[in-house]
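> Take a look and give me a structure for this.
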Amino acid sequence: MRILIDTHLSDEKTDGIGRYLNELVRALLRIDQQNEYVLLTNSGIGVTHQLQSLEAPNLVKIPVGLRGLDWRAHFVIPRIMNRVRPDVYHHPHFDLPWFHNIPSLITVHGLKYIKHPEFYKCQSGSTRVYLKRVYMETMMGLSIRKAQRVIAVSRSVKDDIMSVFKTTHDKVSVVHLGSPLKHNISCTDADISKFYKKYGIKGKVILFVGAQLPHKNLIRLIEAFDIFQKSIGGMFQLVIAGRSYSSYSKPLDKVQELALEEKVIFTEHLRDDELKIIYRTAEVFVMPSLYEGFGLPVLEAMNNGVPVIASNLSSLPEIVGEAGILVNPFHTQEIAAALEKIVTDNTTFRELKVKGVERAGNFTWETAAQQTLETYREVYEKSG
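Numbering: from 1, shown residues only. Below is the predicted model:
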C-alpha cells in the first residue's frame, strides 16, 4: 500500500495532535517496512523537528504551506493526491478535504465544543468562536460520512461520535494513544536547578499540563489549590504548563483575585526536555478537566511515576483506571482533599506511583501503530 498521511498540523509546539502525529508515524515506521508512507509535512518546521528528521527507505516527505485549520487544504491536498495516487489517505483531524475520491480515514480526538458549546461562551470574541463551532460540527459530520473509517482515541469519544452523528458501531475503531515520555529519563541536579530558576519554582510542585482553555477547569483547580495550600502549609506551588490564549484570561484573573502570584506559576508551552524534568520532580499531577478526548498528559505523568488526580468525566476514568484518584471536577473541596491525601499519606503516595507506571505500560505507540495499520488494510481491502 501507498499510505498518505497529512502531518501538517505537527508544528514546532509538539502537543495535542502534533504529538499524536509524531509518535504514530515513528511507530508505524518501526513496525512496518513493507508499505510506503508519504507524509504531508508542515513547510514551516525546522530540520530538527521529529518528522522532518525522520529517514526510512519506505518514507517520502512532501512539504506543504498549510497552517492549522486552513481552508486551502480542501484544494491543495487533492492536487497532491492526484500526483501521488495513494491507496489510503489518513487525515488526523475532523476536516477531511472535500474534492477527492481516495479511500480515507480520519482520527477524531474529541467533541468538546460540540457536546459542550458552553465552553465557547467563556471566551472573548463570541461571534468568531461560535462560527468556529458551527464549522467544526458541520465539517466533522461531513467528514465522518465521507470517510470509510473513523479512528476514535478513546471509547468515550466513540460513544460521543455515535451519539451525535448516529454513526454505525463498526465504522468507528478505538485506538488508544501511547506514552513516549519515559519515567527513567536521567537529568542532573544542575538541569533541575536551571529549570526551576528559569520559571521561579521554589517549592514542591503540584503539576498540570495542558492548554489554558475553559474545559480544562483551571479556575476550580486554582481554587482547590488555594484550599489545599492553606491547609497543608506554604511549601507547595501549582505549576500550570501549557499555552495561554488571549481570548481566555480567567485563570490568571483567578490567581490575582486569590493573591496567589507567588504560588501559581504559568510556564506556557514546555519543550520535551523541560517536560521530562517537571514530570520527574512533580509531587502530584492533577487533571480536573470537564472534557477530555483522551488525556495524554495523564498517561505521561503515570509513566513518569507521578501520582495522578483526575476528573471522573469523559475519557479520564477509561485511561486512569484504578491507578489514580478520580474526583468530581465541580467540587473544589474534593480536589483539595485528594491533594492533601496524596502528600500526607505515604502509603497512598507510593501505591499510586507504582500503579501509575504499571497502568501506563498498557498504552504503547507500537500498539497504536499496529491497530492503525490494521485499519489502513481494512480500508484498502474494502476499496478493492
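
> Correct me if wrong: residue 18 contacts residue 10.
Yes. Using C-beta atoms under 8 Å, residue 18 makes contact with residue 10 at a distance of 4.1 Å. In short, each C-beta sits where N, CA and C put it, glycine included.

> Of those two, which one has the most company?
Neighbour count, other C-beta atoms under 10 Å: between residue 18 and residue 10, residue 10 has more, with 25 against 21.

> pLDDT on stretch 188-201, on average?
Here stretch 188-201 scores 93 as its mean pLDDT.

> Tell me the buried residues in that stretch?
The neighbour-count check on stretch 188-201 (16 or more other C-beta atoms under 10 Å) flags 195, 196, 199, 201 as buried.

> among those, which are in helices?
195, 196, 199 (DSSP state H).

> which one of these is nearest residue 94?
The nearest member of those to residue 94, counting by C-beta to C-beta, is residue 199 at 34.1 Å.

> can you list the domains in this structure?
Listed domain ranges for the chain are 2-176+364-383, 189-360 (source: automatic domain parsing).

> In terms of mean pLDDT, which of those domains ranks lowest?
Among these, domain 2-176+364-383 scores lowest, at a mean of 89.

> Pull up the distance across that one, start to finish.
14 Å (C-alpha to C-alpha, to the nearest Å).

> Give me the neighbour count for residue 91.
22.

> Now it: closest residue in space that isn't a chain neighbour?
Using C-beta to C-beta, 6 or more residues apart in numbering and skipping residues adjacent in sequence, the residue nearest residue 91 is residue 106, 4.8 Å away.

> Was I right to think the one you found contacts residue 97?
No. Look at residue 106 against residue 97 with C-beta under 8 Å: they stay out of range, at 10.4 Å.

> Please enumerate the shared neighbours of the two.
Common contact partners of residue 106 and residue 97 (C-beta atoms under 8 Å, 6 or more residues apart in numbering): residue 91.

> what about the nearest residue to residue 367 once chain neighbours are set aside, neighbour count?
Of all residues not flanking residue 367 in the chain, residue 178 sits nearest, at 6.7 Å (C-beta to C-beta, 6+ apart). Per other C-beta under 10 Å, the neighbour tally for residue 178 reads 22.

> Under a three-state scheme, what state does residue 178 occupy?
Here residue 178 is recorded as coil under DSSP: H, G, I helix; E, B strand; the rest coil.

> Just the CA trace of the helix or strand containing residue 230, in PDB.
Secondary structure assignment for residue 230, by DSSP states H and E: helix 218-232. The C-alpha coordinates for helix 218-232 follow below in PDB (Å, rounded to 0.1, in the frame of the first residue of the first chain):
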ATOM      1  CA  LEU A 218      -8.300  25.600  35.700                       C
ATOM      2  CA  ILE A 219     -10.500  28.000  37.800                       C
ATOM      3  CA  ARG A 220     -11.600  25.200  40.100                       C
ATOM      4  CA  LEU A 221      -8.100  23.700  40.200                       C
ATOM      5  CA  ILE A 222      -6.700  27.100  41.300                       C
ATOM      6  CA  GLU A 223      -9.400  27.400  44.000                       C
ATOM      7  CA  ALA A 224      -8.800  23.800  45.100                       C
ATOM      8  CA  PHE A 225      -5.000  24.500  45.300                       C
ATOM      9  CA  ASP A 226      -5.700  27.600  47.400                       C
ATOM     10  CA  ILE A 227      -7.800  25.500  49.900                       C
ATOM     11  CA  PHE A 228      -5.000  22.800  49.900                       C
ATOM     12  CA  GLN A 229      -2.100  25.100  50.400                       C
ATOM     13  CA  LYS A 230      -3.800  27.000  53.300                       C
ATOM     14  CA  SER A 231      -4.500  23.600  55.000                       C
ATOM     15  CA  ILE A 232      -1.100  22.000  54.400                       C
END
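
> and it, what does it pack onto?
On a contact count with 3 or more C-beta pairs under 8 Å, 6 or more residues apart in numbering; DSSP states H and E, helix 218-232 meets strand 204-209, strand 236-241, helix 250-257, helix 332-344.

> Save the ones you listed as TSV, and put in mean neighbour count and distance to residue 67 too.
As requested, the helices and strands packed on helix 218-232 are exported to TSV (neighbours: other C-beta atoms under 10 Å; distance: least, C-beta to C-beta, whole Å):
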stretch	mean neighbour count	distance to residue 67
strand 204-209	22	24
strand 236-241	23	24
helix 250-257	16	26
helix 332-344	20	37
